[in-house]
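>>> okay, here's the prediction I keep looking at, along with the sequence it came from:
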Amino acid sequence: MNMKLGMIAWLAMGALAVACGSDENDDGAGGDGTTSTPGTTNPTTESPTTAGSGTGNASVTTTANPTTTSADTSGGDETADGPPPVYFDLGGIPDSPMFCTKGDGDVELSYIWIANSTQGTISKINTQTMIEEGRYQTRPDTTGSPSRTSVSLNANVAVANRNGGLTKFYANHDDCPDTNGNGVVNTSTDNQWLPWGTEECMAWHTPMAYASQRPVAWTQGEFDEVACATVNEKVWTAGSNGNAIEVLLVDGDTGIIEETIPIPGVSANFYGIYGAAVDSEGNFWGSQLSQGTLVHVNRQTLAIETWPMVASGYGMTVDADGYVWTCSGTAARFDPATETWQTVNAGGGGGCSADANGILWMASNPVKGVNNQTLVVEYSLPIPEYVHGVSIDFEGNVWGVSLFGTNAYRIDPATGTFDTFTGLTQPYSYSDMTGFALSNVGGGGAPSG
């Protein structure tokens, strides 16, 4: 097992490992990852290509030798690097006798959740074994067009349907109730999904009447040491009809909409709010696809702040230093403390996610890694096709999801080698698909040790 990447990720693993008691058919099987002998390449920046189809059980592995290249930046001064990360082996958790974990402190619920948009389903893929352990329908009529997924610190997922509606699924089968009383939990365990209403690992579905509903982002909740669980989790989403935008706060346990916040003065052009993430206090940050508006909603007061974006943004994220990023070909970094932007033309094209080592990873081909302090492109990792979504798993691997293809790639940033999962159905995911982004920003959900 790989060494973990820092104290923040380690704290979140305690929350993720919590458990004190113990339209179309998919044309691929559950998909095992494969690796071949690495070769060497000299990475070069390529323009994003139009998405192509995945090619079955691809097993190409590439080793990239990342080199540091200069990048143009604009804006004010850079902040100093933070303290060095703390490295550790998962055989034991250091200095943390109060930690609630299963025995050896290993991460037992490590999944990436990828939406199969045209199929109306999401896939639950084990990030360690690269085996699909479930596929779930996200709306009663299968035409919801799911895209963004967000994973809570309890490892459960919420998925937004672009055509309206939010749905939560449990990651741990022990949490799934036997609703029909037949003595077993009826749930998908591979790439075949159950008919609507029979999947017992679906926690709830909340219909929402929006023409466009893209973003979804969990809050951290609060860690209850007595219960050894993260409680009081909420989930943010946003929707638009016509030119009206609303941000909603939903109870994570019940799916009940607790708050509906209209966003005045922001045009809903290009699908309203397109991406969302939370900071260490669980506040909502939302961006737009066009060079529109960055929106902030305070979790406690529901007060709204907005700033003009300086570049278009397919994806967005918040990193461990509190910087808010919007990403397309240009990565734009917003500092909430100074309310200023800095940009780098990194040659990406889709989503982005920050790791525990201060690197912002941008979807493209090659996948780009940008230093979050210097804005220098430090990594350029080639893979077989353009990916539009990117996420980090709890082993520190970078995942890229193809655009309307069948593949997802698990990339080791230290070596540039990658494994390929195949068997998706026109995926379209670029969000916090693993829950690492939420844990990386810290906050109330992570227990202290």
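Received, thanks. Numbers count the residues shown, from 1 in each chain.
>>> distance from the chain centre to stretch 120-138, please.
Its chain's C-alpha centre and that of stretch 120-138 lie 14 Å apart, by CA atoms, centre = their mean, to the nearest Å.
>>> actually, stretch 278-294.
Computed by CA atoms, centre = their mean, the chain-centroid distance of stretch 278-294 equals 14 Å.
>>> what's the answer for stretch 238-252, then?
Offset of stretch 238-252 from its chain centre (CA atoms, centre = their mean): 20 Å.
>>> do the same with stretch 390-405
Distance of stretch 390-405 from its chain centroid, counting by CA atoms, centre = their mean, is 9 Å.
>>> stretch 423-434 too?
The answer for stretch 423-434 is 9 Å, by CA atoms, centre = their mean.
>>> got it, and stretch 411-431?
13 Å.
>>> list the buried ones in it?
Residues of stretch 411-431 classed as buried: 411-413, 416-431 (neighbour count, 16 or more other CB atoms under 10 Å). In this view, the C-beta of every residue, glycine as well, is placed from N, C-alpha and C.
>>> narrow these to those in strands?
When DSSP state E defines the strands, the subset of those inside them is 411, 418, 419, 420, 421, 422.
>>> I'd like to know which of the residues you listed is nearest to residue 396.
residue 411 (10.3 Å; CB to CB).
>>> name all residues that make contact with the closest one.
With contact taken as CB atoms under 8 Å, 6 or more residues apart in numbering, residue 411 is in contact with 367, 381, 383, 397, 398, 399, 400, 417, 418.
>>> which parts of the stretch 301-449 of the chain are helices?
Taking DSSP state H, counting those that start in this stretch as the criterion, the stretch 301-449 of the chain carries its helices at 436-440.
>>> what residue ranges in it score low on pLDDT?
Low-confidence segments of the stretch 301-449 of the chain (pLDDT under 70): 444-449.
>>> mind doing that once more with 80?
Residue ranges of the stretch 301-449 of the chain with pLDDT under 80: 443-449.
>>> which of the ones in strands among the buried residues of stretch 411-431 sits closest to residue 112?
Of all those, residue 421 has the smallest distance to residue 112: 8.8 Å, by CB to CB.
>>> wait, the closest one sits on residue 407?
Yes: using CB atoms under 8 Å, residue 421 is in contact with residue 407, at 6.6 Å.
>>> I'd say residue 283 and residue 302 touch.
No: between residue 283 and residue 302 there is no contact under CB under 8 Å: 10.1 Å.
>>> can you tell me how far the residue lying farthest from the centre of the chain is from residue 140?
Ranked by distance from the centre of the chain (CA atoms, centre = their mean), the top residue is residue 182, with 34.8 Å. Between residue 182 and residue 140 the distance is 22 Å, computed by CB to CB, to the nearest Å.
>>> for residue 283 and residue 302, indicate the residue with more neighbours.
Remark: of residue 283 and residue 302, residue 283 carries more neighbours, 21 against 13, as counted by other CB atoms under 10 Å.
>>> which ones are touching the more buried one?
Contact analysis of residue 283 by CB under 8 Å, 6+ apart lists 296, 297, 298, 299.
>>> out of these, which one sits closest to residue 336?
When these are compared against residue 336 (criterion: CB to CB), the nearest one is residue 296, at 7.6 Å.
>>> and for the strand or helix carrying that closest one, what's in contact with it?
Using DSSP states H and E, the secondary-structure element containing residue 296 is strand 293-297. For strand 293-297, contacts defined as CB under 8 Å, 6+ apart pick out 236, 247, 261, 263, 266-267, 273, 283-288, 303-309, 324, 326, 334, 336.
>>> repeat the analysis, applying 10 Å as the threshold.
With contact meaning CB atoms under 10 Å, 6 or more residues apart in numbering, strand 293-297 is reached by 215, 236, 238, 245, 247-249, 259, 261, 263, 265-267, 272-273, 276, 278-279, 283-288, 303-310, 313, 316, 324, 326, 332, 334, 336, 341.
>>> any chance of the contacts of residue 411 in a markdown table, with distance to residue 443 too?
As requested, the contacts of residue 411 are exported to a markdown table (distance: CB to CB, whole Å):
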| residue | distance to residue 443 |
| --- | --- |
| 367 | 27 |
| 381 | 30 |
| 383 | 32 |
| 397 | 23 |
| 398 | 23 |
| 399 | 23 |
| 400 | 27 |
| 417 | 33 |
| 418 | 31 |
